[in-house]
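Colleague: Pasting the sequence and the predicted coordinates here, then a few questions.
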Amino acid sequence: MSSAHAFTLRVAVRPDDIDPQRHVNNVAFVRYVQEAAVAHWRAAAPKDLQASFTWVVRRHEIDYLRPGLPGDELVARTWVGEPAGATWERFTEISRSDGQVLVTARTVWVLLDAATGRLRRVERSMVESLTRALPENSPAE
């Protein structure tokens with residue numbers, strides 16, 4: 001899937017996201033990446049898939065390009081890449097509302113059976129659900 005079909009989540013920088021250097025802490029950006037992925041899954045996957053499967057992160061690769069600042073209204077755009085067995089790569093860009101990209105990320109997610117905790121192969125129905133265009137999500141709480 002290309003970034004042209006990305007899921008979008010608005011993220012408000014919270015006061016506790018700011019570190020002693022007066023910018024968004026790197027750990028907060030990791031949380032934003034995860035929040036966007038979870039919101040995409042919940043918005044796109046049918047309820048039966050959500051009940052049957054869960055995801056865990058195997059790997060995060062994050063490039064911090066510019067600092068996030070107190071009061072920033074950010075936009076997280078996320079889209080899935082190619083699945084491979086039980087793993088699926090996901091890409092995320094976090095930018096200011098003016099389009100200036102602050103962070104890019106590639107995350108490898110592993111699919112698990114929710115009941116057994118065992119690895120599960122990414123199913124075609126998941127690919128179809130997560131690669132169709134969705135409307136922009138509402139702001140994060």
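Modeller: In hand now; what should we look at?
Colleague: Only C-alpha atoms from now on, for both contacts and neighbour counts.
Modeller: OK.
Colleague: End to end on stretch 66-81, go ahead and measure it.
Modeller: End-to-end distance of stretch 66-81: 24 Å, with C-alpha to C-alpha, to the nearest Å as the criterion.
Colleague: Name the surrounding residues that touch the lengthiest helix in the chain.
Modeller: Longest helix of the chain, by residue count under DSSP state H: helix 26-44. Outside helix 26-44, the residues that touch it by C-alpha atoms under 8 Å, 6 or more residues apart in numbering are 7-9, 11, 17, 50, 64, 76-78, 90, 92, 94, 103, 105, 129-130, 134.
Colleague: I'd like the next helix or strand past it.
Modeller: With elements assigned by DSSP states H and E, the helix or strand that comes after helix 26-44 is helix 47-52.
Colleague: who touches that next one?
Modeller: 41-42, 113-115, 126.
Colleague: any idea which of those residues is least confident?
Modeller: Least confident of the contacts of helix 47-52 in the model: Met126, at 87.
Colleague: Okay then, goodbye and thanks.
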